[in-house]
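J.: Predicted model follows, preceded by the sequence.
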Amino acid sequence: MALLKGTLDVLVLKALSWGPMHGFEIISWLEERSGGRLEVSDAALLQALHRMEEQDFVAAEWGITGNDRRARYYSMTRKGRAHLRAESAALTDHLGALNAVLDALRR
Amino acid sequence: MTRIRSGVRRLLRLTLRGRSAEDDGDAELRAHIDARIEHLVARGMSSDEARLEAESRLGGPIEDIRSAMRQSARRRTNRLHLNAQLADAATDLRYTWRSLWRDPFVTAFIVVILALGIGANGAMFGVVDKLLLQGPEQVREPERVMRLYSTVRGRSGPETTAIFGYVTYSLLARGARTLDGVAAYQVNDGYLGRGAESQPIVMGRATTSFFHVLGTRPALGRFFTAAEDDPSAPERVAVIDYGLWQRMFGGEDRALGATILLRDEPYIVIGVAPRGFTGVGLSRVDVWTPLSHMGSGMDPGWQTAWWWTSIRVIGRLKPGVTAALAGEDATAVHANGYTGDDRALREARQTFAPLTYTDEGREPGTISVARWLMAVSAIVLLIACANVVNLLLARSSRRHREIAIRQALGAGRGRLARLLFAEGMLLAATAFGASLAVAYVLGGLLRATLLTDVAWTSPTLDARVLAASAAIALAAGLLVGVFPALQSSRGDLGASLNAAARIGGGKRSRLRAGLTLAQAALSVVLLLGAGLFVRSVRELDALPLGIDADRILAVPVNPPRPPSEGRTGAWQGSRAEFLARMLERVRREPGVERAAISIGVPFGSFYGVAFFIPGRDSLPPLPGGSPRIHGVGEDYFATAGTPILRGRAFTVSDHSGSERVVVVSERIARSYWPGEDALEKCIIVWKKTEPCARVVGIAANTFTREVSEQPGLQYYVPLEQVQFGGRPTILVRPTGDPALLVAPLRRALLEVDPTMAYLDIRTLRERIDPQLGPWRLGMTVFTLFGVLAALVAAAGLYGLAAYLVTTRTHEIGVRMALGATSARVGREVVSLSVTMAAIGIALGLIAALVTGRFLEPLLFHTSARDPVVMIAVGVAMLALACVAALVPALRAARIAPAMALRSD
């Protein structure tokens, strides 16, 4: 299932709210949590991360993984947390509205 | 896993340094793919299958993805770098602001002296810009318009002039290949209207090509045509100045077609010159008329004769043509076209020079002085900056511990340097704001009092002055920011922390001492300049003029025009009668002690007429020009206050029927009859066929036009014994204040002839005064800036002494505990300041001796090495140094040893 526009940022921030992760960890986390239903291409994710770093939603550092590999770890900034709060509320609201409409149609 | 919080990282400026953003992007992509492969292999895939799967999950061909990653990584890096810098700058500024507020007095002092320095430069820039850089207003590409000069080998050296005949203009207009147009013009005093209502104006006369060459468009109507610039044109037309249009016609269109009286002749207004247009000069010109309409002063044949010279010639150089090339072209045109019989004139070398130059082809005094003053104001700013640097260094040494602690906590030296730099810039920016007020006041003062003949149109603070002030402020900010920054990045951290900076670093105080010395030396240079100009103006005031310029009112009169334009005996007769009536009326006026008529008046009008001495073939030329004849009426010498040194003045018995007599100047007497008595000698005036005139008196030397000329070219003949048509002037010696007599005189003379044109009644002093402009400008501004600089330097000396007393409180306390007296300690502080000043004076004098010879041409009868000025300035500076050190010395003397020792 392709992602709705603009939701990737929120999902990434949600993942990072659990703690710093590198790119593959984030993708795995998203797939796991969605039961494999969300498909995000690696390139799209990595570029989204760069963009969010520019916007100061996330900060990044090179670190070492559990398997002794180097990886770029992303963590959420204070600004990112605020963004997550605002955007996830808006998204939930939006989805609620969609649900209500679709429920009404089903009847 | 080593991870550093981004805030900390940013603070320590570790941002992604060492590796390029591209490498970073590549590495991240590689790590990501590897992580997925590892994950898939762990799930049981073969490594080859896993690699294929991982690449397919990328979402595109790997090369594309790599380049996209590189790009986004680069953009991110740039952005983060910028953010970090902005954040740092904001922090720096906040910090600086707070630290400046901590001592508001020092900050205010810094801002004030910087503002004075920047403002002085802004104001001087405004002046130099108008005089030198911008060129006359409403002229297209003014740098390409130049004035023609001709240099001939005269009998007493090369003589340069800008005054030409119409022939030169027409030859050049037809023959010059390097010019895009040639024009001729002249500017004279005139008057507008008639009778009591008439007013003095400045009249410009120009060829039709004038406006075309300058590239000027009229504000209203049109400029004159070639047909109108013809002596036989039926109507006389005029283009009026924008200002006159506003005053006379309220800026309304009805001006077009209106008739105005110029020098008693009717002219029809056909156009209005654009606002600010002053022709090629910088002073206002009220009316422009065609060159051909010069009234009755026009001699027949003026358009073709070589002897008629009365106009100035300008040309617009073709693009890419240099002044030298155009000059060669003009010289060739002249050599080919000259039809006269004067060999020197045929071989004249013609050149082109800037419009601002004088008729003698030199840069005018005001501009030379303005150049100097620009340099002077730059020096004032340098002194101000040196002082500010000193103060900032003093403060940063007080803040030594604080800075050391910051350094120990990890703030890099670069960061600290930037903080100090930001401090400098912030101060300069604040000072810039305040400097605008200084530039406004100073610029307004210069315009209103010293540069009154310039037609200023732009506001004192125009865009150019603002931009220049901003640039100057930026330079000042860099200067005051860089020094403390360099110093801070050199400091020794450990030493500062340990010793608590009791003695504030040898290097630092050496730099401070050096800066103080430089201030003292530079202000000595400025004070010397001020002294030399003061001396020049005093020399000018004390100059023996050979005439009582302060007391004598000069009244140039225009006798009514004769019915026919010829110069007949009858006309002379009626003119003499008219003048006699005028003179008689003036003498009757209460408050008039004496009055006399003269044709040719010092600093007024002059007529060069050669004379001969029987028995000599030719007379050696006198430097300065041909002898000037003065046709003077009865009682002239007593009225003018020109002393008769030997012999007698003219009397009523020297009339047209009596023996011809003459009075010569002392210089003429001494030059032509060296070692002999000139009295009773014979000279022949004008033509060799004239009868001999006996020298009956020798008069004191006086001047023709300029105070800077060599005086004494005058000789005098009784008015009745000479027939020439110059403009007469009535000289009036009042019993009381000359100013009080001006209005009654004007009324009295209008009684004699109610149609008489404007009477320009002024003392001779008022005619001389404008000439003193350059010297007065130099004196005023040099003195202003010199005193300012000296005060700032004194503040510097005070600062240095106070600083030493503060930093050596401990040492002084120890010495006093060991028996040094208060007086001795105080004396030491004063002697330090005086020593600094003395070295500064020595350096300043050396600098002044080196640069003095460039200043000398601008001085008047004053040597640039004038010992009186040097001594006066030296003494003043030493006195200032004593005063500056007084307060710190007293403080040092009052240090209580016990307190000082305990203070640690």
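T.: Yep, it's here.

J.: so how far is residue B:527 from the residue in chain A that chain B sits nearest to?
T.: At 2.6 Å from chain B, residue A:41 is the closest residue in chain A, using Cβ to the nearest Cβ. From N, CA and C alone the C-beta is placed, and that goes for glycine too. Distance, residue A:41 to residue B:527, by Cβ to Cβ, to the nearest Å: 78 Å.

J.: burial count for the residue of chain A closest to chain B?
T.: Using other Cβ atoms under 10 Å in any protein chain shown, residue A:41 has 15 neighbouring residues.

J.: repeat for residue B:701
T.: As a burial measure, residue B:701 scores 20 neighbours (other Cβ under 10 Å).

J.: How about residue B:617?
T.: Residue B:617: 6 neighbours (other Cβ under 10 Å).

J.: Over to it. Which of the three states is it?
T.: With DSSP: H, G, I helix; E, B strand; the rest coil as the basis, the three-state label of residue B:617 is coil.

J.: Give me the secondary structure label for residue 95.
T.: This is for chain A. helix.

J.: think we crossed wires, I meant chain B
T.: helix.

J.: these two touch, right, it and residue B:419?
T.: Yes: applying Cβ atoms under 8 Å, one finds residue B:95 in contact with residue B:419, separated by 6.3 Å.

J.: More neighbours: these two, which one.
T.: The neighbour count for residue B:95 versus residue B:419, taken as other Cβ under 10 Å, is higher for residue B:419 (24 against 14).

J.: Chain A versus that one, what's the distance?
T.: Taking Cβ to the nearest Cβ, to the nearest Å as the measure, residue B:419 falls 24 Å from chain A.

J.: Which residues lie in contact with the residue of chain A closest to chain B in this structure?
T.: Listed by Cβ atoms under 8 Å, 6 or more residues apart in numbering or on different chains, the contact partners of residue A:41 are B:57, B:58, B:59, B:60.

J.: neighbour-wise, which of these leads?
T.: The most neighbours of any of those, using other Cβ under 10 Å, belong to residue B:58, which has 21 neighbours.

J.: sec struct for that residue, please.
T.: Going by three-state DSSP: residue B:58 is coil.

J.: residue contacts, it?
T.: Neighbouring residues of residue B:58 by Cβ under 8 Å, 6+ apart: A:41, A:42, A:43, B:33, B:65.

J.: so residue B:705 makes contact with residue B:600?
T.: No: Residue B:705 lies out of contact with residue B:600 (Cβ under 8 Å); the separation is 11.4 Å.

J.: Quick check: neighbours shared by the two?
T.: By Cβ under 8 Å, 6+ apart, the residues touching both residue B:705 and residue B:600 are residue B:606.

J.: Per-residue pLDDT of the residue nearest the centre of chain A, please?
T.: Nearest to the mean C-alpha position of chain A, by Cα atoms, centre = their mean, lies residue A:12 at 1.6 Å. Note for residue A:12: predicted pLDDT of 92.

J.: All the helices of chain A, residue numbers only.
T.: Secondary structure of chain A (DSSP state H): helices at A:7-16, A:23-33, A:42-54, A:78-106.

J.: Do the longest one and chain B come into contact?
T.: No: applying Cβ under 8 Å from any Cβ of the partner chain, one finds helix A:78-106 out of contact with chain B, separated by at least 9.6 Å.

J.: who are the neighbours of that helix, in terms of helices and strands?
T.: helix A:7-16 (3 or more Cβ pairs under 8 Å, 6 or more residues apart in numbering or on different chains; DSSP states H and E).

J.: now the helix it packs on and helix A:23-33, what's the angle there?
T.: Taking axes from the mean of the first three to the mean of the last three Cα atoms, to 10 degrees, helix A:7-16 and helix A:23-33 form an angle of 100 degrees between their directions.

J.: Could you export helix A:7-16 as CSV, CA atoms only?
T.: Presented in CSV, the C-alpha positions along helix A:7-16 are these (Å, rounded to 0.1, in the frame of the first residue of the first chain):
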residue,chain,number,x,y,z
THR,A,7,2.4,11.0,6.1
LEU,A,8,6.0,9.7,5.8
ASP,A,9,7.4,12.4,8.0
VAL,A,10,4.9,11.7,10.7
LEU,A,11,5.6,8.0,10.5
VAL,A,12,9.3,8.5,10.7
LEU,A,13,9.0,10.8,13.6
LYS,A,14,6.7,8.3,15.3
ALA,A,15,9.4,5.6,14.9
LEU,A,16,12.1,7.9,16.2
